[in-house]
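In: Curious how this folds, go ahead:
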Amino acid sequence: MAIILSAFVSRFGKLLFDLGREEVEMLFGVPDEIKKLQNKLRMISKVLADAERRRFNEEAIDDWLKQLTDVMYDADDILDLCLIEADKRSEGSSSNSLQETFQNSRKTSPVAEIDIVGSEIEEHTQSLVDSLIRDDRRRNILVFAIVGAGGIGKTTLAKNISNDQRILELFSVKKWVCVSQKFDEIKLLKDILYGDKNDRAGDQSRSSLEPEVESSLRGKKLFLVLDDVWTAKVWCDLLCNTLKGCAAGSRILVTTRNEQIARQMLAVDIRRVNKLSLEESWSLLCKKVVLTGEEGEIQHLKDIGMETVKKCDGLPLAIKAVAGVLCTKGRTGRAWSGVLESTAWSTSGLPEEVKGALYLSYEDLPSNLKQCFIYCSLFPEDCRLKSFMITPLWIAEGFVKAEGSSSMEETAKEYYRELIMRNLLQPLDDPGEFSLHDLLHCLGRYLAQDESLVVSKVHEVGRSNGPMKLRRLFHGNGREFATMTEIAGVLVRKDTLRTLEMMLMSETQLDVIFNKLTRLRVLRISDSEIQRVPDSLANLIHLRYLDMSGTSISVIPESIGNLRNLQFLSVTCCWSFSCLPNSIVNLRNLRSLDLEHTVVAGLPVGLGRLQNLHALYGFKQQGNMSEGWCTVEELRSLSCLTYLSIEKLECISSSSEARAAELRNKPKLSTLELSCTRVLQPSEEQMWRIEEVFEELRPPHSLEELWINHYFGREFPKWMADTSSPASILFPNLRKLLLRSCKYCERLPPCGLLPNLEYLYIFDATSVIDVGPEFLVGTGATSRSGGRAGVDTSTYAFPRLETLTIEGMPNWQEWHWDEGTQAMPCLKYLCLRFCPKLMSLPEGLLLHATSLTKLVIKDADNLTAIGKLLSLTILEVNSCWDLEIVSDLPMLTTLEVADCPKLKVAENLQSLKKMKLVDYEMKSLPSYLLKRVQRSTKKRKRVQVAHLEKLEIHCSIELIRKICQRAGPEWPTIEDIQQVHVHSEDRSVHVLYNKSPFSFTTNFNDTTTIGSSGMPSSSSGIAI
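Out: Residues are numbered from 1 along each chain as shown. Below you'll find the predicted structure:
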């Protein structure tokens, strides 16, 4: 059941308590009503846990819980009205309608009194990749299949294969499509054609999409993964003919639970993923529980652990789910036995594939987290979700219960982290992004089905929801609704809806919905074509979350001021939106206001009354308070802000006005973005004034992330640059700093004094000519003339910096960092881009950056040498036209060189395993590569330096021709390298060579040249 009643009852009881006895009795019109309600709630709470478990098998209990849920929803809405009425009374107004509403509702709502483990996956990866890239001319496009039970690791194996370097290099087009059990032909074609942007592009009809797909892929070498296929029709009836024009060598990789489906799709290679052995299962459990302590501790728990993983039947997903439960228990036999003996293992009435471990992992969740987990399943399968998008929805739905001094936002983040820790949400590569495994998605959807509906066609909205009332409606593929006016007529019959996500509705439809669906708490109508929001918006008095981002609206009606419960409002990327209503200042429960990427000129006076604001995106000042505009002074009272971005700072008229904002007195502020409008040629007066303004915008000690954009002062504010009062005292928590387009500053601030800075990004600092010691350890004073005071070299600079990116500094010539200044001991990644005048890397970097593992340098035209970075493992150099030497990098394993024509020496790279060369003007292999493998003049044996395992070359057709000539001058250079891949600029021509076991494959077609070398040839390619 999607709403977890124990959480609902608890929340309801708390609201009753918070409202207060006198107000409840006054509003309900019944003496001692609050005490009676609280007693009943306590009695209900005692039986809920047992009832939830029994509902799957006992119809009477299931019906009782459904009735109770409906009543609790109704009671929640009534209590919401109570709170609104109490709020009105506090402002001096009153109403008798609420008492009638509650009494009527009591009469009509009666309730009865009752990861990767196992050697096989790596073997499969290598073997399948070998088969996929092998030259096979049976058909232009061949199907390969991975078969196994749900949760066995098919998708993990497919991802390993898809990310294999050989696949990435060989196929010019790579696509990944989740098919799922109820796949939609139109959506699938659009996924192939548009990828993640499929909802905003393309025609609706299959007949028009098929030729588009065929045309876009014709002649291209395609690698397409069809994940989670349930029927062969997806290939035989839909894609087979559409993709027949792909280039020879194209491949389809299918994952499916049914081997028969793979055979029906004419798969040429079927790989079955077997279940983990008992020992492998135990190993995975230990890894996920982080059971790496004393041998005695591990042995003490092993017997129970082995019995537990036996119940998981060798399925990695199940083992990880159980590990997520055990992570929350003590490391004792009793605690682990409690998990082993849980009745959740044997809960019946569930879909077969989610029984046992998966349901156990859900059942073990605290009630609030159960709701959050289920909510994630209402988004499309395999959808990439973002934590900063989902957590406000949890808050708006009422799932988040803040305790102590923690805010709801902080608590929601903790919920997210716990669901990740429990392996119920899968973190993705991008920070804050996650997805659900399809089986967990299935479990969530099953538990949500009584009150939530995800639809892709209009007729599904009217689908029966059983005895319970529909509470949440999400669209699966919303474009169909754009031309269907009947959608509003169907929706209004679902007047108990609390959540509605529907794109592309018209203004008329919105007006109907606003008049009928007055219980809505979450409304997402982003990316709709609407230009006007009806005044009837005022009817949505329960609304907590309103997202109108990406629409064509220009204004919001003044009636929005009636939405006293609104917590989240977003109009970001509404490029026509120009004006906020004055009534916005009445939304005293507003927690987040997002105005970024709009043309809003300013905000109305009174914004400072929104004292619950935690996030304010895109604050702008237009004029002064007398003109009806909000000024930065109103930020002073917003003490709860954790995120603040201020734009058009040049509109602040004086330093005293900026000082009035009192940013330094915001104890919770963690992220601050300060932006000016681009000013190409500011006057001296403008420069002087913006410096004064920024001086007064000093952030608080709590700051963790700072962005400064398009600042046009000549000097950074003293709170960044004056080291007489060390910055380390001011910003002890700052971890991320971005300085973008600060074009007129001649010196960088002393960022090295920030004790916890981990990430630094500097872009477009065009006036900086040299970076001196002051960047690392600061100076006692700075002057406008640019003179330096004495430098304190005893300070350890940048003690925690891990990532440094500097780009777009066209006048930067020198980087001064002497051997005596210790700095950047934790630096792992350094990127220098578009710094054409930089002449060398500093000695201090070579000596002290002992953790540096990756260095990327691009468009550093004057740089002549790179070397002596003893910890470096990856080096990428691109368009460094004067670079001559790469040397003395003993740990380097990967070297990529692109368009560095003067590079002649690459030596003392004894650990080098992989090299990539990109130069389409290159007519022969470079001399430094020849030098590595040249024959000894005395013994005519190859020099014994570290042998390359892989060489990748992107070059001209002429050089490809020479490489194909076994008797030619290039062959001796490459023949002892284990693996060589060569590609033309458009990747249409390739050479693939493997030393052992020997293979040589190419699609190069030059019969005369190749034939004269003694190498076999044919019009369709060469293979040995």
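In: Name the SS class of residue 348, please.
Out: coil (DSSP: H, G, I helix; E, B strand; the rest coil).
In: count of neighbours near it?
Out: For residue 348, the neighbour count with other C-beta atoms under 10 Å is 7. For the C-beta atoms, the positions are set from N, CA and C on the backbone; glycine is no exception.
In: Also residue 974?
Out: 20.
In: Contacts only, for it.
Out: By C-beta atoms under 8 Å, 6 or more residues apart in numbering, the residues touching residue 974 are 925, 951, 963, 980, 993.
In: In this structure the third one contacts residue 983, no?
Out: No. Residue 963 lies out of contact with residue 983 (C-beta atoms under 8 Å); the separation is 11.2 Å.
In: the longest helix in the chain is where?
Out: helix 59-90 (DSSP state H).
In: where exactly do the helices run in the stretch 351-500 of the chain?
Out: Remark: helices assigned in the stretch 351-500 of the chain by DSSP state H, counting those that start in this stretch are 357-363, 367-376, 387-397, 408-421, 438-448, 486-491.
In: among the ones you listed, which is nearest residue 235?
Out: helix 438-448 (19.1 Å; C-beta to C-beta).
In: Check which helices and strands that closest one sits against.
Out: Helix 438-448 sits against helix 316-326, helix 357-363, helix 367-376, with contacts defined as 3 or more C-beta pairs under 8 Å, 6 or more residues apart in numbering; DSSP states H and E.
In: Let's see which of the contacts of residue 974 end up in helices.
Out: residue 963.
In: Of the contacts of residue 974, just say which sits nearest to residue 599.
Out: For the contacts of residue 974, the nearest to residue 599 is residue 951 (52.5 Å; C-beta to C-beta).
In: I figured residue 517 hits residue 491, correct?
Out: Yes. At 6.6 Å, residue 517 counts as touching residue 491 under the criterion of C-beta under 8 Å.
In: can you list residues touching both of these two?
Out: 497, 500.
In: Overlap of the contact sets of residue 963 and residue 983?
Out: In contact with both residue 963 and residue 983: residue 953, using C-beta under 8 Å, 6+ apart.
In: tell me the contacts of the residue positioned nearest the centre of the chain?
Out: Among the residues of the chain, the one closest to the centroid is residue 433, at 2.8 Å (C-alpha atoms, centre = their mean). By C-beta under 8 Å, 6+ apart, the contact set of residue 433 is 384, 385, 386, 387, 427.
In: again, only using 10 Å
Out: Applying C-beta atoms under 10 Å, 6 or more residues apart in numbering to residue 433 gives the contacts 384, 385, 386, 387, 388, 389, 426, 427.
In: ChimeraX command for the buried members of these?
Out: The buried residues among those can be selected in ChimeraX (16 or more other C-beta atoms under 10 Å) with this line:
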select :385,387
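In: And the furthest pair within the contacts of residue 433?
Out: Among these, 388 and 426 lie farthest apart (C-beta to C-beta), at 17.1 Å.
In: related to what we said a few turns ago, and of the contacts of residue 433, the nearest to residue 856?
Out: Closest to residue 856, out of all of the contacts of residue 433 and judged by C-beta to C-beta, is residue 427, at 25.0 Å.
In: how near is the closest one to residue 379?
Out: 16 Å (C-beta to C-beta, to the nearest Å).
In: do the same with residue 184
Out: 15 Å.
In: likewise residue 266?
Out: 34 Å.
In: Between those two, which is the more surrounded one?
Out: residue 379 (21 against 15).
In: Can you verify my assumption that that one contacts residue 385?
Out: Yes. Counting by C-beta atoms under 10 Å, residue 385 is a contact partner of residue 379 at 6.0 Å.
In: Determine the residues that are contacts of both of these two.
Out: 435, 436.
In: residues making contact with the host helix or strand of residue 305?
Out: Residue 305 belongs to helix 295-310 when elements are defined using DSSP states H and E. Outside helix 295-310, the residues that touch it by C-beta under 10 Å, 6+ apart are 276, 278-286, 289, 291-294, 315, 318-319, 322-323, 325-326, 331-341, 345, 357, 360.
In: picking that back up, with the contacts of residue 433 in mind, which one is nearest to residue 236?
Out: Nearest to residue 236 among the contacts of residue 433, with distances taken as C-beta to C-beta, is residue 384, at 29.3 Å.
In: For residue 430, see how far away that closest one is.
Out: The value you get for residue 384 to residue 430, if C-beta to C-beta is used, is 8 Å.
In: Help me confirm that residue 567 comes into contact with residue 542.
Out: No. With contacts counted by C-beta under 10 Å, residue 567 stays clear of residue 542, the gap being 11.3 Å.
In: which neighbours do these two share?
Out: residue 521.
In: those helices in the stretch 101-250 of the chain, which residues are they?
Out: Using DSSP H, counting those that start in this stretch, helices in the stretch 101-250 of the chain cover 119-133, 154-162, 165-170, 185-194, 206-217, 233, 240-242.
In: Nearest to residue 894, out of the ones you listed?
Out: helix 165-170 (10.7 Å).
In: so what does that closest one touch, helix or strand wise?
Out: helix 119-133, helix 154-162, strand 222-229, strand 250-256, strand 914-918, strand 950-954, strand 979-983, strand 990-994 (3 or more C-beta pairs under 10 Å, 6 or more residues apart in numbering; DSSP states H and E).
In: Partner strands of the helix or strand where residue 806 lies and their direction?
Out: Taking DSSP H and E as the definition, one finds residue 806 inside strand 803-807. The strands beside strand 803-807 in its sheet (DSSP bridges) come out as strand 759-763 (parallel), strand 829-833 (parallel).
In: Could you dump the ones you listed into CSV with mean neighbour count, mean pLDDT and distance to residue 62 added?
Out: Shown next, in CSV, are the strands paired with strand 803-807 (neighbours: other C-beta atoms under 10 Å; pLDDT from 0 to 100; distance: least, C-beta to C-beta, whole Å):
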stretch, mean neighbour count, mean pLDDT, distance to residue 62
strand 759-763, 19, 97, 51
strand 829-833, 19, 98, 55
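In: I am finished for the moment; much appreciated.
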